[in-house]
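>>> What follows is a predicted structure for the sequence shown.
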Amino acid sequence: MSPWRAAARRFGRNRAAVVGAALVGALVLASLLGPLVTPDPLAQPDPVRLQDRPPSAAHLFGTDPYSRDVLSRTLSGARVSLVVGVGAALLAVTLGAGVGLVAGLAGRRTDQLLMRGVDVALALPRIILLLAVFAVWERVPPVAVLGVIAATGWFQTSRIVRAAVLSLREADFVVAARALGAGGAGLVRRHLLPHVAAPVIVSASLDVGNIILLEAGLSYLGLGVRPPTPTWGNMIMDGKDVLFSAPWVALAPGCALVLTVVAFNLAGDGLRDAFDPKVA
Amino acid sequence: MSAPAPARAPLLEVRDLAVNFMGFDGVARAVDGVDLVVGEGETVGLVGESGCGKSVTALAVLRLIEPPGHIAHGSSVRLEGRDLLALGGKEIRAVRGNHVALVFQEPLSALNPVLKVGDQIAETIRAHEAVTRSTAHWRAVEMLAAVGIPDAERRAAAYPHQLSGGTRQRVLLAMALACRPKLLLADEPTTALDVTIQAEILELLDDLQKKLGMAVLLITHNLGIVAERTRRVYVMYAGQIVEEATTERLFARPAHPYTEGLLAAIPRLDVRRERLQAIPGQVPPATAWPPGCRFHPRCPYAWDKCRSEMPPLLPVGEGQRARCWLVNEPQRKGMK
């Protein structure tokens, strides 16, 4: 059995991980299908009468101070969170793996240059960096939010990959392969990447939850993706002032946020255990 | 400096090979002025204790020394007259595995755990020859059968951890021989195996060598293997060749006290002894070779000259040379 299939089987046996993965699947599905089955959040037949209505058959999660349907907005917000969370994690991991590979394989000078740069980058607090960028850049398209979050999140991965490459370079099977003429791209693809992939996948999956929280935090502060595009962060912001009179406005996106982050963390933990049976 | 190669250059000719490693406690001269020749189809032994520079010599022949180590200026490694040290990256890669192959001592860790063994062999073939994926696979299966693995087609789809140590060593041999190299550098190919499997693998190696007509440089610390399998032997100590001779002669009349010590240390069934004979002391660190003859601190015959002057390889006769002053002053041996 291939190591990948062995890992998949271990993942399948881990109940918490399967629950996490199922929840993630359900969330993706709901965010895709949501708009088809829920009322148009902007349809406002009677703006005044529909303000802050409690949950009912017509509005399952109630309505918000602007008379919008909270359920539909929560589902739309899921799209932002999932796209930014997963997209930024993937992009960050790709960047980090690329830089790590170059640092680990290129000569000493390139390695030193890149890693000292990463040291400096890691010394800057990420949230302040992001606040600064988004404070200046007001009309950010969601894709750019994803990009900026990824651009500030690959440093740790590059270190993991570099360290892995450095130790792999000396591994017997790599030296043996080189002794028989392997080298260049083939060596990287067949002998290095498969061994770097596992820790990288694990760190990416555990990162998704953090990025979703980070994006929500930024939105809550009114930065990043701006209203009227619904995000869980700006929805919680909307619900803050009516927290006691209409708790559902903040509660729905809040619960969605918690559920999503827990789901990704369960799945990520599961991946880690699946790839590294020693710690499980 | 580069004289035109003679009409028939030896297969492998190493001259004055030196490999240095830059460390925190100074330069480690792991290999220091090694000369060695392997003829076509010949089996040559390279023996010595761990840390004497055997493996580094093999790696240096294929230019696999990584920083902080480097091959010193003035070293020369020629394959059929071609200077391997002057080749570019692509050219040396074309030599590795194709003309000169290296097998390691650790059959488990020398195979990539996430690749099927058949794919690993096919990959080596495809690195050197423009063949299709399926041809390479078919040849890999053929090689697995050639090294005596039953049910080769099914075994080709196995991962290394599913195979026994002996089978893995066979796979490594198949991989090394897939492109029919002219020279095989076998670095302790049987050290990690059971004695019975050792014999099988060496038998197989002999067999394949005859079939393919390749030369083998057998690197080992096992004198039994040397006696059985080689025609000529180089003995290495502290980064230098200290003795070279035909195998027969080396065992009959060792000229260097180190070789003598090695032979005396072999346990024997026909002589009763209370304890096994050992050479006193240890191999000195490569950062601080002793002055004079490097073996003098452990040598039972050493005198003043040995402590101050390093002996060159002195001819003893019949292709035998030894790095020892006793060659010139044999009467001193009797004095002790």
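Good, I have the coordinates. Residues are numbered from 1 along each chain as shown, chains lettered A, B, ... in the order given.
>>> Tell me the residues of chain A that contact chain B?
A:1-4, A:108, A:169-173, A:175-183, A:186, A:190-191, A:194-195 (CB under 8 Å from any CB of the partner chain). C-betas here are computed from N, CA, C, even on glycine.
>>> Buried subset of those residues, written for PyMOL?
Buried residues within the residues of chain A next to chain B, by 16 or more other CB atoms under 10 Å in any protein chain shown, are selected in PyMOL with:
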select buried, chain A and resi 3+169+171+172+173+175+176+177+178+179+180+181+182+183+190+191+195
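>>> Just the ones of the residues of chain A next to chain B in helices?
A:3-4, A:108, A:169, A:172-173, A:175-179, A:186, A:194-195 (DSSP state H).
>>> Can you name the two of those that sit furthest apart?
Spanning the widest gap among those are A:Trp4 and A:Arg108, at 33.8 Å by CB to CB.
>>> On the three-state scheme, B:Cys293 is what?
coil (DSSP: H, G, I helix; E, B strand; the rest coil).
>>> Would you mind confirming that it is in contact with B:Leu326?
No. B:Cys293 lies out of contact with B:Leu326 (CB atoms under 8 Å); the separation is 10.0 Å.
>>> quick one: contacts for residue 221?
Since no chain was named, I'll use chain A. Residues in contact with A:Leu221 (CB atoms under 8 Å, 6 or more residues apart in numbering or on different chains) are A:131, A:233.
>>> that's the wrong chain, I meant chain B
Contact analysis of B:His221 by CB under 8 Å, 6+ apart lists B:47-50, B:54, B:188, B:191.
>>> B:Cys293 and B:Leu326: who's more crowded?
B:Cys293 (26 against 21; other CB atoms under 10 Å in any protein chain shown).
>>> ok, that one - contacts?
B:299, B:302, B:306-307, B:309-311, B:323-325.
>>> Looking at those, which is nearest A:Leu113?
Nearest to A:Leu113 among the contacts of B:Cys293, with distances taken as CB to CB, is B:Met310, at 43.7 Å.
>>> Go over the secondary structure and confirm that closest one is in a helix.
No. With three-state DSSP as the criterion, B:Met310 is located in coil rather than a helix.
>>> Surely it and B:Gly292 touch.
Yes. Using CB under 8 Å, B:Met310 makes contact with B:Gly292 at a distance of 5.8 Å.
>>> Would you list the phi and psi of the residue nearest the centre of chain B?
Note on chain B: the residue nearest the mean C-alpha position is B:Ile219, at 2.9 Å, using CA atoms, centre = their mean. Phi and psi for B:Ile219, reported as degrees, to the nearest 10, are phi -100, psi 120.
>>> cool, B:Val34 as well?
According to degrees, to the nearest 10, B:Val34 has phi -90, psi 130.
>>> which residues does it contact?
B:14, B:16-18, B:53, B:57, B:236, B:239-241.
>>> Quick check, pLDDT for it.
At B:Val34, the pLDDT value in this model is 91.
>>> Just list whatever residues bridge to it.
B:Leu17 (DSSP bridges).
>>> sorry, back to before: for ChimeraX, write a command that selects the buried ones of the contacts of B:Val34.
Of the contacts of B:Val34, the buried ones can be selected in ChimeraX as follows, counting by 16+ other CB under 10 Å:
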select /B:14,17,18,53,57,236,239,240,241
